[in-house]
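**Student:** quick one: sequence plus predicted model below, questions after.
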Amino acid sequence: MTAHHPTHRPAPTPSTRRFRVDKFAVPAHAVDEFVAQMKHLQRTLQAQPGCANAAVFTQLSGPGRFNVMTWVEWDDQASVDAAATVMQKRFASDGFDPKAFLQRLGVEADVGVYGEAT
């Protein structure tokens, strides 16, 4: 018999997994700085409990105006919520304002949390 650990969560299932998908229209002059910042943020997110995977993508082809995308796969909504709290505290301690960063670079964002379609 194994002892129950109070922070143990059930194994994630397709119905509990959450996917944070953020798409950005980044001006050409700002792509390098923007991608570097997104990679930095992704490394922090990957260290959070419940983060299954994270990546930053740049558009290689297609007519869409969004040329950078970030994607984070979470075990469940509780992991998403906990990571959001951690990131808000991190931004405050680092003096980083995400909205000001996007505005300074002229970036348009389309963000959301998704679940698998059933």
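**Tutor:** On my side now, so go ahead. Numbering: from 1, shown residues only.

**Student:** go through the host helix or strand of Lys39 and flag the buried ones.
**Tutor:** In this assignment (DSSP states H and E), Lys39 forms part of helix 31-46. For helix 31-46, the neighbour count (16 or more other C-beta atoms under 10 Å) marks 31, 34-35, 37-38, 41-42, 45 as buried. Glycine gets a C-beta too; all of them are placed from N, C-alpha and C.

**Student:** is the residue nearest the centre of the chain in a helix, a strand, or coil?
**Tutor:** Nearest to the centroid of the C-alpha atoms of the chain, with distances taken as C-alpha atoms, centre = their mean, sits Val72, at 4.7 Å. Put simply, Val72 is strand when judged by DSSP: H, G, I helix; E, B strand; the rest coil.

**Student:** which strand residues sit across from it in the sheet?
**Tutor:** On the basis of DSSP bridges, Val72 is bridged to Arg20, Ala54.

**Student:** other SSEs contacting the helix holding Lys39?
**Tutor:** Contacts defined by 3 or more C-beta pairs under 8 Å, 6 or more residues apart in numbering; DSSP states H and E place helix 31-46 against strand 51-58, strand 68-74, helix 77-94, helix 98-105.

**Student:** so which of those is the most packed in?
**Tutor:** Mean neighbour count (mean count of other C-beta atoms under 10 Å) peaks for strand 68-74 among the helices and strands packed on helix 31-46, with a mean of 20.

**Student:** for the protein, give me the ranges with low pLDDT.
**Tutor:** The chain contains residues with pLDDT under 70 at 1-14.

**Student:** what about 50?
**Tutor:** Under the criterion pLDDT under 50, the flagged ranges of the chain are 1-6.

**Student:** okay, the helices and strands packed on helix 31-46 in JSON lines with distance to Val113 next?
**Tutor:** Shown next, in JSON lines, are these (distance: least, C-beta to C-beta, whole Å):
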{"stretch": "strand 51-58", "distance to Val113": "13"}
{"stretch": "strand 68-74", "distance to Val113": "8"}
{"stretch": "helix 77-94", "distance to Val113": "6"}
{"stretch": "helix 98-105", "distance to Val113": "16"}
